[in-house]
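Peer 1: Predicted model follows, preceded by the sequence.
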Amino acid sequence: MTTYAIGSLAKLITKNEVTWGTDLAVDQGMDFISESIAKKGNIVERDGIRGTVSKNSEDTRTGPYTVSGQLVVEPSAAELQIWLPRILGTDVSTITYALSDGAPLSFKMEIDRGSKVFSYAGCRVNKAVFTGSEGGLLRLTMDIVAKTETVGNAGTAQSASLGTTAPWIFSDLVLTLQAAARQVKSFSLTIDNNLDTKRFMNSTTITELQRSGDRTISLSTMHAYSSDNVALYDQALAGAGGTAVFTNGVYVLTFTFATLQVPAESPTVQNKGEVPLALNMVARSVTSTKELVTTLAVS
């Protein structure tokens with residue numbers, strides 16, 4: 001009888017790597033919404049003139065392959081303790097997760113997709129996007145790049161239990177801009193590590209995953225254009241600091257921005273309803289203060 005793979009029965013387990021791209025046992029079970037981590041192969045062919053328009057199979061070789069895709073989660077505090085070092089680049093001995101100029105921490109990921117178990121070594125987070133909107137949970141979408149994919153038989157997945165900590169909801173958020181708490185309809189915080197995903201050298205798999213340029217951190221928010229928010233439009237070039245704080249009991253996630261520079265975008269009347277004010281801000285460092293400081297208190 002045919003057995004079909006069912007998404008609700010899939011499992012995802014991870015583990016930090018000591019050395020990038022090395023195989024190891026995984027033991028961190030993860031609750032996830034969706035994933036699209038996939039190997040994409042490449043067949044290379046020569047294209048010479050050969051007296052026919054037919055393509056010849058003998059003219060081909062197996063070329064390099066890539067492994068990348070998105071992982072979407074609605075994280076708890078325990079899960080963010082695992083993901084934040086992989087996004088920001090520095091492991092933590094206190095509650096503060098500092099930004100690193102080096103490559104983000106690497107990890108292995110194993111996904112049990114039912115019919116087969118897929119393992120990905122040398123994973124790094126290329127981009128992470130935290131989002132939230134009225135009535136919903138805090139969501140984290142990560143663009144992940146890996147070095148290799150290996151495939152095992154069904155039933156060979158490692159075992160790991162899931163956490164029991166509740167996730168954050170959008171109403172947990174207190175957003176402070178220009179020293180005042182602001183009502184906000186939605187937000188999106190993007191941390192783009194700008195990794196070089198095309199470094200293959202003389203290899204069929206990627207040979208390193210380092211930065212290819214500057215990291216970019218941006219914050220987009222949507223507000224009502226009201227008398228309370230008129231100062232948010234057409235701000236001075238230097239911008240101003242800000243914070244986004246999510247509080248779920250003893251679990252407090254804080255994003256602190258050194259300064260948020262805001263290119264002017266005029267509010268416009270789009271319908272008979274409330275006039276919105278969109279802010280698309282870029283976080284930048286100020287002297288020695290990094291553009292973003294992230295803390296996660298769990299007690």
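Peer 2: In hand now; what should we look at?
Peer 1: count of neighbours near residue 5?
Peer 2: The criterion is other CB atoms under 10 Å. On that basis, residue 5 has 12 neighbouring residues. Heads up, the C-betas are built off the backbone N, CA and C, glycines and all.
Peer 1: Likewise for residue 246?
Peer 2: For residue 246, the number of neighbouring residues by other CB under 10 Å comes to 24.
Peer 1: So residue 79 lies in a helix, does it not?
Peer 2: Yes - in this structure, residue 79 lies within a helix as judged by DSSP: H, G, I helix; E, B strand; the rest coil.
Peer 1: give me every residue that touches it.
Peer 2: The contact partners of residue 79, taken as CB atoms under 8 Å, 6 or more residues apart in numbering, are 30, 31, 73, 163, 165.
Peer 1: Among those, name the ones in strands.
Peer 2: Judged by DSSP state E, strands contain the following of the contacts of residue 79: 30, 73.
Peer 1: is it true that residue 231 touches residue 177?
Peer 2: No - with contact taken as CB atoms under 8 Å, residue 231 and residue 177 are classed as non-touching, separated by 9.1 Å.
Peer 1: which of those two has more neighbours?
Peer 2: A side-by-side neighbour count of residue 231 and residue 177, using other CB under 10 Å, places residue 177 first with 26 against 12.
Peer 1: Helix, strand or coil: sort out the residue nearest to that one when sequence neighbours are not counted for me.
Peer 2: Of all residues beyond its chain neighbours, the one nearest residue 177 is residue 242 (4.7 Å), with distances taken as CB to CB, 6 or more residues apart in numbering. In the three-state summary, residue 242 is assigned as strand, counting by three-state DSSP.
Peer 1: Same check on residue 83?
Peer 2: With three-state DSSP as the basis, residue 83 sits in helix.
Peer 1: what's the burial count for the residue nearest to it when sequence neighbours are not counted?
Peer 2: If the residues on either side of it in the chain are set aside, residue 83 comes closest to residue 75, at 6.3 Å by CB to CB, 6+ apart. Each residue near residue 75 was counted by other CB under 10 Å, and the total is 24.
Peer 1: hang on, isn't residue 75 packed against residue 140?
Peer 2: Yes - distance between residue 75 and residue 140: 5.3 Å, which falls inside the contact criterion (CB under 8 Å).
Peer 1: just the buried members of the contacts of residue 79?
Peer 2: By the neighbour-count criterion of 16 or more other CB atoms under 10 Å, the contacts of residue 79 include these buried positions: 30, 73, 163, 165.
Peer 1: Just give me the closest of these to residue 196.
Peer 2: residue 73 (25.2 Å; CB to CB).
Peer 1: my read: that closest one touches residue 35, true?
Peer 2: No - taking contact to mean CB under 8 Å, the distance of 9.3 Å between residue 73 and residue 35 leaves them out of contact.
Peer 1: list residues touching both of residue 75 and residue 140?
Peer 2: Listed as contacting both residue 75 and residue 140 by CB under 8 Å, 6+ apart are residue 83.
Peer 1: Could I get the full set of helices for the stretch 101-250 of the chain?
Peer 2: Along the stretch 101-250 of the chain, counting by DSSP state H, counting those that start in this stretch, no stretch forms helices.
Peer 1: Flag the shaky bits of it, pLDDT-wise.
Peer 2: Along the stretch 101-250 of the chain, segments meeting pLDDT under 70 are nowhere present.
Peer 1: ok, now with 90
Peer 2: Scanning the stretch 101-250 of the chain for pLDDT under 90 picks out the ranges 103, 154-165, 209, 226-231, 233-236, 238-239.
Peer 1: Name the helix or strand for the residue lying farthest from the centre of the chain, please.
Peer 2: The centre of the chain is farthest from one residue, residue 51, which by CA atoms, centre = their mean lies 50.4 Å away. Using DSSP states H and E, residue 51 falls within no helix or strand.
Peer 1: I'd like the distance between it and residue 205.
Peer 2: With the distance defined as CB to CB, to the nearest Å, residue 51 ends up 36 Å from residue 205.
Peer 1: What does residue 49 show for phi and psi?
Peer 2: Main-chain torsions, residue 49, degrees, to the nearest 10: phi -90, psi 130.
Peer 1: That one: neighbouring residues, count only.
Peer 2: Per other CB under 10 Å, the neighbour tally for residue 49 reads 5.
Peer 1: rewinding a little: which among the buried ones among the contacts of residue 79 gets closest to residue 192?
Peer 2: If you rank these by distance to residue 192 using CB to CB, residue 73 comes first, at 18.1 Å.
Peer 1: Now do the same contact list for that closest one.
Peer 2: Applying CB under 8 Å, 6+ apart as the definition, the contact partners of residue 73 turn out to be 30, 31, 32, 33, 79, 83, 139, 140, 142.
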